[in-house]
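Engineer: just the structure for this:
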Amino acid sequence: MGGAIMTDNKPGAADYQYAPPKRKSYKVWWIVGGVVLALILLGTCVRGGVSLYQAISERSEATRDLAERVMEDGLPPAGDPIYSHRVTAAQADIDKATRYIQHFGQVTEYGDPGCNMRSTADINKEKPSTFADCALTIEAEQSPGVVTVNWVKDNEDWKVWGIYVRFSDQSVLLDKADQADTQAEEPSTPEETHTE
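Structural biologist: Below you'll find the predicted structure:
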């Protein structure tokens with residue numbers, strides 16, 4: 001009877017019934033497949049986490065180096081290759097920001113930078129990118145502050161998209177403004193001429 005198994009008949013049933021052959025269980029394959037998928041996902045997460053940690057570490061070091069350079073020598077000039085092609089600051093604006101920074105004196109202490117990474121997508125091909133927003137605290141002679149550097153990945157190279165320096169004690173600038181006002185109010189005395 002070629003693979004059919006005879007079964008006991010129930011009362012009123014035909015004299016014989018065929019039972020279909022037992023199907024193999026795929027339960028083991030589902031378990032093995034699930035474990036393999038879980039391992040692939042775990043490996044992908046671990047690899048992504050390691051890559052993210054390395055990228056954050058690199059940006060943190062670069063942020064500290066750039067902050068030291070900015071606080072000692074001023075902002076890089078317009079057109080410097082450190083800037084992203086998205087930066088449109090004019091040299092006059094960069095010079096103004098450098099003068100602002102110099103009002104607060106030398107930096108005596110730098111904190112540890114902290115960075116956040118983010119990626120964006122946009123239909124405009126110029127806008128999607130990976131960004132790193134990094135900040136560190138500083139102690140200058142006149143005031144504590146925070147240096148924030150926004151990095152953007154341009155063609156696989158990290159470039160500066162923005163540099164911001166904020167100081168806590170704005171009275172330094174008010175004192176400088178008062179000094180300038182006082183000097184402007186004092187009349188200059190013309191030299192006396194002697195006639196003989």
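Engineer: which strands and helices lie in contact with the lengthiest helix in the chain?
Structural biologist: Taking DSSP state H as the criterion, the chain has its longest helix at helix 27-73. Helices and strands touching helix 27-73, by 3 or more Cβ pairs under 8 Å, 6 or more residues apart in numbering; DSSP states H and E, are strand 107-110, strand 114-120, strand 129-140, strand 144-154, strand 157-167. For glycine as for every other residue, the C-beta is placed from the backbone atoms N, C-alpha and C.
Engineer: so, low pLDDT: which residues of the chain?
Structural biologist: 1-20, 45-53, 55, 122-128, 172-196 (pLDDT under 70).
Engineer: sorry, back to before: how far off strand 129-140 does the longest helix of the chain point, in degrees?
Structural biologist: 40 degrees (axes from the mean of the first three to the mean of the last three Cα atoms, to 10 degrees).
Engineer: nearest to residue 101 among the helices and strands packed on helix 27-73 would be which one?
Structural biologist: Ranking those by distance to residue 101, with Cβ to Cβ as the measure, places strand 157-167 first at 5.4 Å.
Engineer: now the closest one - C-alpha only, PDB.
Structural biologist: This file holds the C-alpha atoms of strand 157-167, laid out as PDB (Å, rounded to 0.1, in the frame of the first residue of the first chain):
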ATOM      1  CA  ASP A 157      36.600  64.200   6.500                       C
ATOM      2  CA  TRP A 158      35.500  65.900   9.700                       C
ATOM      3  CA  LYS A 159      35.300  69.700   9.300                       C
ATOM      4  CA  VAL A 160      34.300  72.500  11.600                       C
ATOM      5  CA  TRP A 161      30.700  73.700  11.000                       C
ATOM      6  CA  GLY A 162      30.600  76.100  14.000                       C
ATOM      7  CA  ILE A 163      32.600  77.300  16.900                       C
ATOM      8  CA  TYR A 164      30.900  79.000  19.900                       C
ATOM      9  CA  VAL A 165      32.600  80.400  23.000                       C
ATOM     10  CA  ARG A 166      30.400  81.500  25.900                       C
ATOM     11  CA  PHE A 167      31.600  83.100  29.100                       C
END
